[in-house]
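In: Sequence first, predicted model second:
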Amino acid sequence: DAGVIQSPRHEVTEMGQEVTLRCKPISGHDYLFWYRQTMMRGLELLIYFNNNVPIDDSGMPEDRFSAKMPNASFSTLKIQPSEPRDSAVYFCASSRDTTGELFFGEGSRLTVL
Amino acid sequence: SQQGEEDPQALSIQEGENATMNCSYKTSINNLQWYRQNSGRGLVHLILIRSNEREKHSGRLRVTLDTSKKSSSLLITASRAADTASYFCATDAETGGATNKLIFGTGTLLAVQP
């Protein structure tokens, strides 16, 4: 198995632009998580899905952030419009359950100028 | 909000020495996990210990859990330069809903000098 695949690995954009991050979870994993990592706030859980349905989005910072999972093999995290404070590494992870082992992707490093 | 706090924030040791990292958490848990993150990479799962377990081993790793003190420790024995990484504990935080979710601590940056 190729593991969790994220794209792009690096994204540099200007304030106000739309950013879309993509994730392909491990086949057979029913749970998908989006985390954000910054030096100041560490790893924050933004949202997670179970069987493609959003279960808890309480970590999504504001309405500028949205996440979708149209099918079991694909998820997106969108920021519109982006702001410099959104600069961070965004990780996608998948698992067979909510509190078992998480398998992380390599992350998408976002820089908003 | 972060459930776990690791201590120390940074640790520098010589190759061959043991490294001990601690994690404290706030609420009741079902299990606690430790993850490793190499610079610029994703997190990798190391070990999971359940709330009814007190100690667990995996190769050079030894994890202890004290639920009365709400704390855990990760011991890496006979460290190697390749062990240089950040180490995070993660706990399943009760959300009041049907399922829990994993919340990560602040991490310990371990540097092993060759």
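Out: Right, received. Where do you want to start?

In: rest of the way, CA atoms for contacts and neighbours
Out: OK.

In: Do a quick rundown of the strands in the chain.
Out: Let's take chain A. Per DSSP state E, chain A carries strands over the ranges A:5-7, A:10-13, A:19-24, A:31-38, A:42-50, A:53-56, A:65-71, A:74-79, A:88-95, A:103-104, A:108-112.

In: That was the other one, I meant chain B.
Out: With DSSP E as the criterion, chain B has strands spanning B:4-7, B:10-14, B:19-25, B:31-37, B:43-50, B:55-58, B:61-66, B:71-76, B:85-93, B:101-104, B:108-113.

In: and the third one, what other elements does it pack with?
Out: In this structure, strand B:19-25 makes packing contacts with strand B:4-7, strand B:71-76, judged by 3 or more CA pairs under 8 Å, 6 or more residues apart in numbering or on different chains; DSSP states H and E.

In: Now do it: everything it contacts.
Out: With CA atoms under 8 Å, 6 or more residues apart in numbering or on different chains as the test, strand B:19-25 has contacts from B:3-8, B:11, B:13, B:70-77, B:79, B:89, B:91, B:105, B:108.

In: got it, and the second one?
Out: Contacts made with strand B:10-14 from outside it, assessed by CA under 8 Å, 6+ apart, are listed as B:A19, B:S79, B:T108, B:L109, B:L110, B:A111, B:V112, B:Q113, B:P114.

In: mind running it again at 10 Å?
Out: When contacts are defined by CA atoms under 10 Å, 6 or more residues apart in numbering or on different chains, strand B:10-14 is touched by residues B:19-21, B:78-81, B:84, B:86-87, B:107-114.

In: how about the CA coordinates for it, as PDB?
Out: Output in PDB follows, covering the C-alpha atoms of strand B:10-14 (Å, rounded to 0.1, in the frame of the first residue of the first chain):
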ATOM      1  CA  ALA B  10      14.000  19.500  24.000                       C
ATOM      2  CA  LEU B  11      16.500  16.900  24.900                       C
ATOM      3  CA  SER B  12      20.100  16.400  23.700                       C
ATOM      4  CA  ILE B  13      22.000  13.200  24.400                       C
ATOM      5  CA  GLN B  14      25.000  11.200  23.200                       C
END
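
In: what comes up buried for that strand?
Out: B:L11, B:I13 (16 or more other CA atoms under 10 Å in any protein chain shown).

In: partners of that strand in the sheet?
Out: Paired with strand B:10-14 in the same sheet, following DSSP bridges, are strand B:108-113 (parallel).

In: So which bits of the strand it pairs with are buried?
Out: By 16+ other CA under 10 Å, the buried positions in strand B:108-113 come out as B:T108, B:L109, B:L110, B:A111, B:V112, B:Q113.

In: One more: stretch A:50-60?
Out: Quick answer for stretch A:50-60 (16+ other CA under 10 Å): A:N50, A:N52, A:V53, A:P54, A:D56, A:M60.
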